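K.L.:
Predicted model, plus sequence, below.
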Amino acid sequence: GIQVEQSPPDLILQEGANSTLRCNFSDSVNNLQWFHQNPWGQLINLFYIPSGTKQNGRLSATTVATERYSLLYISSSQTTDSGVYFCAVVTGANSKLTFGKGITLSVRP
Amino acid sequence: GAVVSQHPSRVICKSGTSVKIECRSLDFQATTMFWYRQFPKQSLMLMATSNEGSKATYEQGVEKDKFLINHASLTLSTLTVTSAHPEDSSFYICSASRAALEPQHFGDGTRLSIL
């Protein structure tokens, strides 16, 4: 099956700093989603981005499908950005998401 | 839009009890719903895929008789953990999708603890 690798595994930032989270995948994908899981376990949908670039406030994401990677940019980080960021992809027509192992982000005040 | 409600949020019960978890799409019809399991500090693992009116498709290694899934309508899917034991303790999360290749929208999860 497809391999989804996220890097770095852990990230510590000072409030106000910017960061880039990376997701590499081993095969062509039909769908790619970025999620933020907060400390209470809630999984928040950040982007649905099989290709191209999208922006939502301080967050933006870019997927380069031909090179099999996606990037999530966080600007002016806040303590509420802490949590785990997951990248997940769909291959084929069955809609099943395969998740990466996640990136644990801690933003210090 | 695209709100998914999952209930209950937390369950603590004795070994041998069966536990039912509900997943509802509140403002859209979900042709497909998914059930995931997440252990502490780990990623989400897909357990099964359910389509309205048909039997669920289970991932390899997931016991069908232990984890019963019913998708009776376009807005409701249920997961029943039968005769639960401490090793079934975990965080269970559902998601729903309007159609194939549409984004999945997730519930808030159910933290199950079996004593």
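P.N.:
Structure's in. What do you need?

K.L.:
alpha carbons only for contacts and neighbour counts from here, please
P.N.:
Will do.

K.L.:
okay, now residue 95: neighbour count?
P.N.:
Answering for chain A, as no chain was given. Applying other C-alpha atoms under 10 Å in any protein chain shown, we find 21 residues neighbouring residue A:95.

K.L.:
looking at chain B here, not the other one
P.N.:
27.

K.L.:
so what's it closest to, chain neighbours aside?
P.N.:
residue B:106 (4.1 Å; C-alpha to C-alpha, 6 or more residues apart in numbering or on different chains).

K.L.:
next one: residue A:39
P.N.:
residue A:83 (5.9 Å).

K.L.:
Equivalent analysis for residue B:21, please.
P.N.:
residue B:79 (5.1 Å).

K.L.:
Quick check: residues of chain B near chain A?
P.N.:
B:42-46, B:49, B:100-103, B:105-109 (C-alpha under 8 Å from any C-alpha of the partner chain).

K.L.:
Next up, the contacts around residue B:22.
P.N.:
Applying C-alpha atoms under 8 Å, 6 or more residues apart in numbering or on different chains to residue B:22 gives the contacts B:6-8, B:76-79.

K.L.:
State the helix or strand in which residue A:46 lies.
P.N.:
Take DSSP states H and E as the rule and residue A:46 turns out to sit in strand A:43-48.

K.L.:
which helices and strands sit right next to that strand?
P.N.:
Strand A:43-48 sits against strand A:31-37, strand B:105-106, with contacts defined as 3 or more C-alpha pairs under 8 Å, 6 or more residues apart in numbering or on different chains; DSSP states H and E.

K.L.:
Check those strands for me and report the most buried one.
P.N.:
Comparing these by mean neighbour count (mean count of other C-alpha atoms under 10 Å in any protein chain shown), strand B:105-106 comes out on top with a mean of 24.

K.L.:
Can you tell me the SS state at the residue nearest to residue B:11 when sequence neighbours are not counted?
P.N.:
Closest residue to residue B:11 apart from its sequence neighbours, by C-alpha to C-alpha, 6+ apart: residue B:112 at 4.9 Å. Three-state assignment for residue B:112 (DSSP: H, G, I helix; E, B strand; the rest coil): strand.
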